[in-house]
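Asks: no FASTA, just this:
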């Protein structure tokens, strides 16, 4: 399994992206998946060179048009089960 790069994007790259990063880190550890997870602001998102982007619905369309990486919308940044359901399968796919 390859180690992939994942960006967690919010408006300023400090608050909600950090919360999402920490929640995702917990899920990845529980699933025994290694990945580099970075909090990122939306302004810098167009310059990202990552394998996967996670963000809120608010930034979904902008991220999809600015990046080649798949973008997954996360509705609840604290919900581990949601991340396990919607993000982990894509992370495993990209890691192969």
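Replies: Yep, it's here. As the structure is a computational prediction, the values presented were derived from the model and not from experiment.

Asks: any buried residues in stretch 72-89, and which?
Replies: Of the residues in stretch 72-89, those buried by neighbour count under the rule 16 or more other CB atoms under 10 Å are 72-74, 77, 83, 87-88. The way it works is simple: take the backbone N, C-alpha and C, and place the C-beta from them, glycine included.

Asks: work out the gap between it and the centre of the chain.
Replies: Centroid separation for stretch 72-89 versus its chain: 9 Å, with CA atoms, centre = their mean, to the nearest Å.

Asks: likewise for stretch 9-16?
Replies: What separates the centre of stretch 9-16 from the centre of its chain is 12 Å, taken as CA atoms, centre = their mean.

Asks: now stretch 17-26
Replies: Chain-centre distance of stretch 17-26: 9 Å, with CA atoms, centre = their mean.

Asks: can you list contacts of it?
Replies: Contacts of stretch 17-26 from elsewhere in the structure, counted by CB atoms under 8 Å, 6 or more residues apart in numbering, are 6, 8-10, 37-41, 54-55, 74, 77-80, 83, 87.

Asks: run the last query once more with 6 Å
Replies: 8-10, 37, 39, 77-78, 83 (CB atoms under 6 Å, 6 or more residues apart in numbering).
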